[in-house]
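Undergrad: for reference, the sequence and a predicted model appear below.
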Amino acid sequence: MSTFVLVHGSWHDGSAWQAVISQLEAKRHQAFAPTIAGHGKGVNKNVNHAQCTQSIVDYIVDKDLTDIVLLGHSFGGTIIAKVAEAISTRIRRLIFFDAFVLNDGESLRDNLPFPTQELIDDLVEASGDNTIMMPFDIWRETFLNDADLDLAKSSYAQLSPEPYQPFIDKLDLKQFYSLPIPKSYLYCTEDNVLPQGEWGWHPRLSSRLGLFRLVQMPGSHEVMFSNPVGLAEKIIVAGRD
Amino acid sequence: MSTFVLVHGSWHDGSAWQAVISQLEAKRHQAFAPTIAGHGKGVNKNVNHAQCTQSIVDYIVDKDLTDIVLLGHSFGGTIIAKVAEAISTRIRRLIFFDAFVLNDGESLRDNLPFPTQELIDDLVEASGDNTIMMPFDIWRETFLNDADLDLAKSSYAQLSPEPYQPFIDKLDLKQFYSLPIPKSYLYCTEDNVLPQGEWGWHPRLSSRLGLFRLVQMPGSHEVMFSNPVGLAEKIIVAGRD
Amino acid sequence: MSTFVLVHGSWHDGSAWQAVISQLEAKRHQAFAPTIAGHGKGVNKNVNHAQCTQSIVDYIVDKDLTDIVLLGHSFGGTIIAKVAEAISTRIRRLIFFDAFVLNDGESLRDNLPFPTQELIDDLVEASGDNTIMMPFDIWRETFLNDADLDLAKSSYAQLSPEPYQPFIDKLDLKQFYSLPIPKSYLYCTEDNVLPQGEWGWHPRLSSRLGLFRLVQMPGSHEVMFSNPVGLAEKIIVAGRD
C-alpha cells in the first residue's frame, strides 16, 4: 500500500481531493492533501513560489511522511519539482498530473501560450491585489468540459483567487533534472486548459521528464470533481512501482 | 430538454441522422435534420454556398425554431457559421462535429491538405458536371474505418454526388467571429478523413473557435452510422449549458 | 475467417503472440507467429535485414499460406513491407501495429529521434557483440507502462538481445510503395516507445502508407502482454475487408 501526497493546482486548496482520497483509502492506501501557502479562502494571498514550496515541505516533514508518491496537479507540478529537490529521500515516485514541468530557469507564465498570458495579465490587473480570479465561463467550458452545469457551479464555489507571484517566479531546477526519482505523467485526454497541440500539456511538457511513465484517462482538467473514481484508479496505476 | 438542428456534411442528406434523432427523441429532446440545398439524390446540384446556407436558414425560420443547439458535421460546419450570422438570436449554442471552421475569407478547399485538394480536383474533372462522387475505397477505409464491410456498403448506398461550388466559395466570416454564442467542438478520435496531425480537424480547426468546449468520443468520421447511440450521448454533452 | 501471420518486434520471438493467438483461434481465425531469423534465445544473432525478411517469406511459403492478413509489430513493420514485395499475391491486407513504416532508402535507425539513437548506440557498444539488450527500467516505464510490475518482470524474462544490423540496413522500398495491397495502421494510444508528438508512431509513420485504415485502442507498446483480449479484437477490426 502506498502513501500519496496530492498537491493541488491554482484556485484550489487541499479540499479539492476529498473524493479522490476516499477512493484511495477504500483501496487501503494512505493519502494526504495539504493546502499550499497562499491558497484557500480567506488567507493572505501575498506569497511567492518559494513560500508555496516550503509549506508543502513543512507538511511532509512535520508528519514525517516517507516513501511517498508525490503528485502535483497543474500549477502543483511546479511545486513538486522543488519539493523533490528539498526532500528527495522521502519520495518514491513523482506524478505530474496535467501539470507544468518547467525548464530550468523558467516561470509558469513562460510556459503559457501568448493569448493565455494576455488573459492572465488582464485578470491580474482587474484584481487590484496581484491575484487572478477564475471567470466562470472559462471554468465551465475549458476546465470542466466533461461535467454538467450543476457540478461546474458547485465546484466553482470552492475556488478562491490565485496569487500571481508564483506564476512569474523563475525556478532554478538544475537539481530536479538530476534526481533519479522515477516519474509518471498522467494526462486527461479532453484537457484543453492548455490548448491541445503545440502548447498542450502532453507531449510538450511531459517529454521534459526524460524517462517517464505515460498514463492517460478520458476527462477534463478537473476530473477530481467529474470522475474521482476513475482518477483514483489512474493515480494508483501511475504511482505503483 | 433541447431543440437540436443537425446539419449534415458532404455527400449526405438529412436522412443520415435518422438513428441519432431516434436516440435524442428517446431522451426527450427535439431534433430536426434538414437537407441542404443541392444535396440528396435526384436534385439539382448546381448550388453555391450562399444557397446552401439560405436553405437551412429558411428551414429554421419556417418552422420558427428558437433556442436551438445548431450542429454542423464536416462541411456542415461551414454552413452553421453562416447560419449563425443570419439568425443568431435563434441559437443557444453551436456544435462543430468533426467540422470545418474556416478563417474569414477562406473556402473549404483552402483548408484541405494538398493531396486531398488534388484528389478532389481529379474527381470533379471526372464527374463532368462540377460534382464530386465518393470513391468506395476511401469511404470504407477513411470515412467508416470503425465499421464492418456491410455497414460501409449500406451507408455508401445512401450517398449522392457533392456539389463542388460550395467547396470553393470564399466565406466572409467577420460577423461569425464576433458572435457571443457558446461553441463546442465534438471530435471523434479515429477520424482520419482529414489526416491526423498538422492538417487534422482538432486542434487545427477547433482552436479557431476561441473559447470552446472540447468533447471527444472514439470513432470515425461517420459515427452517425457506426455508433448513433454513443454519438447522441456526446451531442447532448456538447450541447448542454 | 481469416488467416493471420503475426510478425513480432525487436527483443521478442514468436512466443510473444501466444495469448493473442488463443483469442484469435477462439474466434475461429487461423493465426501463425513465426520467429524472425536471429531472434529468440540462444540463437546466432549475426543477421541482416534481408535474412530476417527471408525467414518470414520462407515460413509463409513452406506452409503455403495464402490470402493472409500479415501484421508487423514495431520493427516487424520493416519486415512485412519487404515480405509484401516478395510474395505480394499471398497477402490480402497488411497491418502495421505500432510499427515502423520506412521511407524508401531509409533504415529503422534513421527514424529514431536523436536521443533514442544515442541510447541504442550506447547499448550496442556495451554489448560487445553488435546486439542491443533492453534495460529493465525502459521496458517497465516505456514499453509496459500499462502493466503492473509482475507482468513487466515476467514479460522481460522472455526477451533476448536484439541484433543491431537490421536496424541500420537501408531498405529499398520502391516496390512496396507501388503495391495495391490494402493497409491498416493499429495504434495504441499510450504507446510512448517512440515519444508521442513530432517523432511518434502515428501520424508520422502511419501517414506514409497513403490510403490506410486507422484503428486505435488504449494501451502500451506491449498490449500483447497487458491486454491480449483487446488486442485480438482490434486485430480483427484492422484485418477485415
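TA: Okay, I see it.

Undergrad: distance check, residue A:237 against residue A:15.
TA: In this view, residue A:237 and residue A:15 are 24 Å apart by Cβ to Cβ, to the nearest Å. Every residue, glycine included, has its C-beta placed from N, CA and C.

Undergrad: who has more neighbours out of these two?
TA: residue A:237 (18 against 13; other Cβ atoms under 10 Å in any protein chain shown).

Undergrad: mind listing what that one touches?
TA: A:215, C:146 (Cβ atoms under 8 Å, 6 or more residues apart in numbering or on different chains).

Undergrad: check for me that it belongs to a helix.
TA: Yes - assignment of residue A:237 by DSSP: H, G, I helix; E, B strand; the rest coil places it within a helix.

Undergrad: ok, now which ones touch the most centrally placed residue in chain A?
TA: With distances taken as Cα atoms, centre = their mean, residue A:73 lies nearest the centre of chain A, 1.9 Å away. Neighbouring residues of residue A:73 by Cβ under 8 Å, 6+ apart: A:6-9, A:12, A:97-99, A:224.

Undergrad: Serialize the residues you listed to CSV and add fields for pLDDT.
TA: Below are the contacts of residue A:73 laid out as CSV (pLDDT from 0 to 100):
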residue, pLDDT
A:6, 98
A:7, 99
A:8, 98
A:9, 98
A:12, 98
A:97, 99
A:98, 98
A:99, 98
A:224, 98
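
Undergrad: just checking, which of those belong to strands?
TA: A:6-7, A:97 (DSSP state E).

Undergrad: looking at these, spot the one nearest residue B:26.
TA: residue A:97 (37.0 Å; Cβ to Cβ).

Undergrad: tabulate the ones in strands among the contacts of residue A:73 (CSV), appending neighbour count and distance to chain C.
TA: What follows is the ones in strands among the contacts of residue A:73, written out as CSV (neighbours: other Cβ atoms under 10 Å in any protein chain shown; distance: Cβ to the nearest Cβ, whole Å):
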residue, neighbour count, distance to chain C
A:6, 25, 21
A:7, 31, 22
A:97, 30, 15
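
Undergrad: now, among those residues, which is nearest to residue A:90?
TA: For these, the nearest to residue A:90 is residue A:7 (13.8 Å; Cβ to Cβ).

Undergrad: which residue packs closest to the closest one, ignoring adjacent ones?
TA: Nearest residue to residue A:7 in three dimensions, chain neighbours excluded: residue A:76, at 3.8 Å (Cβ to Cβ, 6 or more residues apart in numbering or on different chains).

Undergrad: where does residue A:59 sit: helix, strand or coil?
TA: Assignment for residue A:59 (three-state DSSP): helix.

Undergrad: okay, it: pLDDT?
TA: Looking at residue A:59, its pLDDT is 98.

Undergrad: what's the separation between the closest residue to it other than its chain neighbours and chain C?
TA: Sequence neighbours aside, residue A:34 is the residue nearest to residue A:59 in space, at 4.0 Å (criterion: Cβ to Cβ, 6+ apart). As for residue A:34, its distance to chain C is 27 Å (criterion: Cβ to the nearest Cβ, to the nearest Å).

Undergrad: looking at it, residue A:34 is touching residue A:5, isn't it?
TA: Yes - Residue A:34 lies in contact with residue A:5 (Cβ atoms under 8 Å); the separation is 7.1 Å.

Undergrad: joint contacts of those two?
TA: Looking at what touches both residue A:34 and residue A:5 (by Cβ under 8 Å, 6+ apart), the common residues are A:56, A:59-60.

Undergrad: could you pull out the buried residues of stretch A:24-41?
TA: A:24, A:29, A:31-40 (16 or more other Cβ atoms under 10 Å in any protein chain shown).

Undergrad: for stretch A:155-173, same thing?
TA: Neighbour-count burial for stretch A:155-173 [16+ other Cβ under 10 Å]: A:155-156, A:159-167, A:169, A:171, A:173.

Undergrad: ends of it, how far apart?
TA: 33 Å (Cα to Cα, to the nearest Å).

Undergrad: what about it, near chain B?
TA: No - residues of stretch A:155-173 contacting chain B under Cβ under 8 Å from any Cβ of the partner chain: none, with a closest distance of 13.8 Å.

Undergrad: now that stretch, how far from the centre of its chain.
TA: With Cα atoms, centre = their mean, to the nearest Å as the basis, stretch A:155-173 stands 10 Å off its chain's centre.

Undergrad: interface residues of chain A facing chain C?
TA: So chain A meets chain C at A:182, A:189, A:202-204, A:207, A:211-216, A:237, A:240-241 (Cβ under 8 Å from any Cβ).

Undergrad: out of those residues, list just those in strands.
TA: Using DSSP E, the residues of chain A next to chain C in strands are A:213-216.

Undergrad: residue A:240 versus residue A:209, what's the distance?
TA: In terms of Cβ to Cβ, residue A:209 sits 17 Å off from residue A:240.

Undergrad: do the same with residue A:170
TA: With Cβ to Cβ as the criterion, residue A:170 and residue A:240 are 34 Å apart.

Undergrad: again, but for residue A:89
TA: Residue A:89 is 20 Å from residue A:240, by Cβ to Cβ.

Undergrad: ok so, going back, farthest-apart pair in the buried residues of stretch A:155-173, please.
TA: Between all members of the buried residues of stretch A:155-173, the farthest pair (by Cβ to Cβ) comes out as A:156 and A:173, at 32.2 Å.

Undergrad: please list the residues of chain A that sit near chain B.
TA: Residues of chain A lying near chain B (Cβ under 8 Å from any Cβ): A:137-138, A:141-142, A:145-146, A:148-149, A:189-190, A:192, A:195-197, A:200, A:218.

Undergrad: thought residue A:1 was touching residue A:30?
TA: Yes - the pair residue A:1 / residue A:30 is scored as a contact, 7.0 Å apart, by Cβ under 8 Å.

Undergrad: helices along chain A, start to end?
TA: Ranges of helices within chain A are A:18-26, A:49-62, A:76-86, A:114-127, A:136-138, A:149-156, A:165-168, A:223-226, A:228-239, based on DSSP state H.

Undergrad: tally of neighbours for the nearest residue to residue A:36 once chain neighbours are set aside?
TA: Closest residue in space to residue A:36, ignoring its immediate chain neighbours: residue A:52 at 4.8 Å, by Cβ to Cβ, 6+ apart. If you count neighbours by other Cβ under 10 Å, residue A:52 ends up with 24.

Undergrad: in chain A, what spans have low per-residue confidence?
TA: Applying pLDDT under 70 to chain A flags no residue at all.

Undergrad: now do the contacts for residue A:229.
TA: Neighbours of residue A:229 in contact, by Cβ under 8 Å, 6+ apart: residue A:23.

Undergrad: let's see it at 10 Å
TA: A:19-20, A:22-23, A:26, A:223 (Cβ atoms under 10 Å, 6 or more residues apart in numbering or on different chains).

Undergrad: coming back round to it: give the buried subset of the residues of chain A next to chain C as a ChimeraX selection command.
TA: A single ChimeraX command selects the buried members of the residues of chain A next to chain C (16+ other Cβ under 10 Å):
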select /A:182,189,202,203,204,207,212,213,214,215,216,237
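
Undergrad: pick out the most distant pair among the residues of chain A next to chain C.
TA: Going by Cβ to Cβ, the pair spanning these furthest: A:204 and A:241, at 27.1 Å.

Undergrad: these two touch, right, residue A:97 and residue A:77?
TA: Yes - taking Cβ atoms under 10 Å as the definition, residue A:97 is a contact partner of residue A:77 at 7.7 Å.
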